[in-house]
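1. any chance you could fold what I've pasted below:
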Amino acid sequence: MLSPTEKGNALEAAVHAIETVILQSSPNLQESTFKIECKKIVTVHGVRHEIDVYVEVDLGNGYKSIFIFECKNWKEAVGKNELIVFSEKIKALQAQKGFFVAKSYTKDAKAQANKDPRITLLDATEHKADETPAPFDFHINEIDHSRTNVELQLLEHGEMAPPKGELVKIKKISALLRGVEIDFDDYAKKWMSEVCNKSMETFASGKLVEGMYEREAEAERVFGKGELLIKGVDVARLRLLVKFWVRLIRPAVVTHFEIANRGRVISLAPVTVGDGTIQAEFVEH
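-> Modelled structure (predicted):
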């Protein structure tokens, strides 16, 4: 269960994501610059103001506009006092517009907002994450290279093409490819990676459940006489056979917010893939 601070941060992040997409897709801002920040601290006449989401648009030639957002992810309705404070923030920053984002407002809060034409109230709806499917059936496929089994078979020039040919172990040996010395281990691993990735293009993972899946793939390369020499052997053909495992990951939906008249955002849980982390976010406006 999220703490009050985490809940507030989640709503701020959703507003930030939606507004970023709106700004980036606006044709009127293609030749202008803008910046958008969360939790910006602004000091005016010695008074510190924390702005949940701060937007500054620079149209050039001295024209600059400021827009601020206040986000309250509260279960109870927002009261008039919060609107009074927000109005003061708008005044202090000389913002053109202020958007207050919350799930509900008291009658007095709405009346207070109506007193300041620069304030717009936005209704936020938080949908249940465990009842929200991942958009577009989103998932991640990761090849587990630690569990890959590789066989390389070679056929020399002049042989009568036996069924399998000689097995070549992938190890630190040198070879000559078109007269240039290569690291055969590196050559084979790059080829293996290409074959695995090519195989993944036909992996119908769309409706599969999360888990580990074994796959097999093979490929062949043909060489002219004297083109590839491995330990002095003139190789006519190399055949690669790979058995590997694929980890299918379906990240859970962690938040789903809808901001009236602005858009919606669905965020998925972060996932560790290789040495990095992937976190998907889907924004509609």
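2. so where's the stretch 51-200 of the chain uncertain?
-> 158-172 (pLDDT under 70).
3. which stretches of it form helices?
-> 80-93, 107-114, 184-200 (DSSP state H, counting those that start in this stretch).
4. now the first one against helix 107-114, angle please.
-> Helix 80-93 and helix 107-114 are oriented at 20 degrees to each other (axes from the mean of the first three to the mean of the last three C-alpha atoms, to 10 degrees).
5. let me see the contact set for the nearest residue to residue 263 once chain neighbours are set aside.
-> Closest residue in space to residue 263, ignoring its immediate chain neighbours: residue 285 at 3.3 Å, by C-beta to C-beta, 6 or more residues apart in numbering. C-beta coordinates here come from the backbone N, C-alpha and C atoms, glycine included. Residue 285 is in contact with 18, 21-22, 25, 262-264, counting by C-beta atoms under 8 Å, 6 or more residues apart in numbering.
6. and the residues you listed, which of them are in strands?
-> In strands, defined here by DSSP state E, the members of the contacts of residue 285 are 263-264.
7. quick check, nearest of the contacts of residue 285 to residue 56?
-> Proximity of the contacts of residue 285 to residue 56 was ranked by C-beta to C-beta; the top entry is residue 22 with 14.5 Å.
8. buried sites along stretch 75-92?
-> Using 16 or more other C-beta atoms under 10 Å as the burial criterion, the residues of stretch 75-92 that qualify are 78, 80, 82-83, 86-87, 89-90.
9. likewise for stretch 208-219?
-> residue 217.
10. can you give me the mean pLDDT across that stretch?
-> Mean pLDDT, stretch 208-219: 96.
11. out of the helices of the stretch 51-200 of the chain, nearest to residue 258?
-> Closest to residue 258 of the helices of the stretch 51-200 of the chain, according to C-beta to C-beta: helix 107-114, at 19.8 Å.
12. show me what the closest one packs onto, helices and strands only.
-> helix 80-93, strand 119-126 (3 or more C-beta pairs under 8 Å, 6 or more residues apart in numbering; DSSP states H and E).
13. any idea how far residue 258 is from the residue nearest to residue 263?
-> Distance check for residue 285 against residue 258: by C-beta to C-beta, to the nearest Å, it reads 11 Å.
14. what is in contact with these two at once?
-> residue 264.
15. residue contacts, residue 104?
-> 76-78, 123.
16. could you dump those to TSV with distance to residue 185?
-> Listed next are the contacts of residue 104 as TSV, based on distance: C-beta to C-beta, whole Å:
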residue	distance to residue 185
76	64
77	66
78	64
123	61
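17. tell me the two of the residues you listed that are most distant?
-> Taking C-beta to C-beta, no two of these sit farther apart than 76 and 123, at 14.8 Å.
18. how about the host helix or strand of residue 16: buried residues?
-> Per DSSP states H and E: residue 16 is located in helix 4-25. Residues of helix 4-25 classed as buried: 7-23 (neighbour count, 16+ other C-beta under 10 Å).
19. hmm, residue 21 is touching residue 263, no?
-> Yes - applying C-beta atoms under 8 Å as the test, residue 21 and residue 263 come out as touching, 7.0 Å apart.
20. overlap of the contact sets of those two?
-> With C-beta under 8 Å, 6+ apart as the test, residue 21 and residue 263 both reach 283, 285.
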